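Colleague: I would like the atomic coordinates for the input below:
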Amino acid sequence: MTANHLSSPPPLNLTNEKYQSQYSAKVYPNGEFTVGYVPKRKNEENPPSRFISSPKSEQVKKVYGTNGITSYGRRSLRNGVYLLKRRYTNKNLGFYTATLPSVSIPFLKKLIANWKDITHRFFQELRREAERLGIEDFDYVYAIEIQEKRSRSAGLPIPHIHWVAPAFMLNSRKFIFSANKIRDIWARTVSHYIGTGFNYEASIDSRLIKKDVERYLSKYISKSSTKNVQDFSNASGIVFASRYWGISKRLQELYLSKIVFDSDKIAKNLVMISSLCLKEAYEYMFEIMVSITPEVELRMGYVGRLTKLGESLIYS
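Modeller: Next up is the predicted model:
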């Protein structure tokens, strides 16, 4: 299966007589979408089994979280930030970074080995602190990035955290968390694994982003690619296994509730947009091609992102 970028995408086309099809579409809160045909073979009396019987064999247990951020994670982060902007506006969101202090290689290895737990504990502490301030649902999204320069110097895959969250108390310009408060929580979290006595002055960066915070976070998401993570892991011989992204519970529930599933009407409107080449209706669009035989390739659908005009057209 391949995805080709389209400046003027041609309409969907499925002419193979072995197939009968229906449309299917999914539209996400930020305007991203997938649309295409759901093929169904005609008169297939003996469909292939989902399971393949084979002799039992010893398999190496798979270690999850070693390939960087997934496409599902990227989309979840983009939509999470989009919903944060809708709720709080861009000017009221903060962009934060937590970095490990300068410690010895043995301590770094210990922190890398426990990174998943460190991330969980840190955001748990932030939520608890927010609750003490009267904030019942603290909304945020985070992404893990491998620090390239520091990792090359140490010969280890050294991570740090970027996250986006509301910066101010409701109807106020008072910060929810000062940089010092975040620094204290971060130091307390890390010291659980390596003890105290380290300098955290340069470990926290907090700022307000004047530009689009979604685009700002996206450049860090791209650094958590499979190749980036595996390069440092292979060079050091240390497997860095972690979840590379996260989203607060309420924000995740809101995101999932706003995904629109439609098998016909919206899908046909999306196909209409592509067929008429309404470039004003989408920011970008790619065609999805599937090889049926070496000689036959079918255009099965599109993925892309709608503009406001495009969203209004598909729901009309």
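Colleague: host element of the residue most central in space within the chain?
Modeller: Residue closest to the mean C-alpha point of the chain, counted by Cα atoms, centre = their mean, is R74 at 2.1 Å. Assigned by DSSP states H and E, R74 falls within helix 71-88.
Colleague: which parts of stretch 134-145 are buried?
Modeller: 138-145 (16 or more other Cβ atoms under 10 Å). No exception for glycine: its C-beta is placed from N, CA and C like everyone else's.
Colleague: Make TSV out of the residues you listed and add pLDDT and distance to A179.
Modeller: Converted to TSV, the buried residues of stretch 134-145 look like this (pLDDT from 0 to 100; distance: Cβ to Cβ, whole Å):
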residue	pLDDT	distance to A179
F138	96	17
D139	97	19
Y140	97	16
V141	97	19
Y142	96	17
A143	93	20
I144	92	20
E145	90	19
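Colleague: Tell me the pLDDT of F168.
Modeller: If you check F168, the pLDDT there is 95.
Colleague: Would you confirm that L270 contacts G31?
Modeller: No. Taking contacts as Cβ atoms under 8 Å, L270 lies outside contact range of G31: 11.4 Å.
Colleague: neighbour-wise, which of the two wins?
Modeller: L270 (29 against 19; other Cβ atoms under 10 Å).
Colleague: gap between the more buried one and L306?
Modeller: Distance, L270 to L306, by Cβ to Cβ, to the nearest Å: 8 Å.
Colleague: what's the overlap in contacts for these two?
Modeller: Contact criterion Cβ atoms under 8 Å, 6 or more residues apart in numbering; residues bridging L270 and L306 by contacting each: 33, 314.
Colleague: Now do the helices in the stretch 101-250 of the chain.
Modeller: 105-113, 115-132, 148-154, 179-194, 213-221, 226-236, 249-257 (DSSP state H, counting those that start in this stretch).
Colleague: Save the ones you listed as TSV, and put in mean pLDDT and distance to G94 too.
Modeller: Shown next, in TSV, are the helices of the stretch 101-250 of the chain (pLDDT from 0 to 100; distance: least, Cβ to Cβ, whole Å):
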stretch	mean pLDDT	distance to G94
helix 105-113	94	25
helix 115-132	96	12
helix 148-154	88	23
helix 179-194	97	10
helix 213-221	83	9
helix 226-236	54	25
helix 249-257	96	15
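Colleague: Nearest approach to Y82 belongs to which of those?
Modeller: Across those, Y82 has its closest neighbour in helix 213-221 (6.1 Å, Cβ to Cβ).
Colleague: buried stuff in that closest one?
Modeller: For helix 213-221, by 16+ other Cβ under 10 Å, it's 213-214, 216-217, 220-221.
Colleague: likewise stretch 180-192?
Modeller: So for stretch 180-192, counting by 16+ other Cβ under 10 Å, buried means 182-187, 189-190.
Colleague: Can you give the distance of it from its chain's centre?
Modeller: From the chain centre to the centre of stretch 180-192 is a distance of 26 Å (Cα atoms, centre = their mean, to the nearest Å).
Colleague: Ok, stretch 292-302 next?
Modeller: Its chain's C-alpha centre and that of stretch 292-302 lie 28 Å apart, by Cα atoms, centre = their mean.
Colleague: mean confidence for it?
Modeller: On average, stretch 292-302 scores 79.
Colleague: Can you get me the start-to-end distance on it?
Modeller: 17 Å (Cα to Cα, to the nearest Å).
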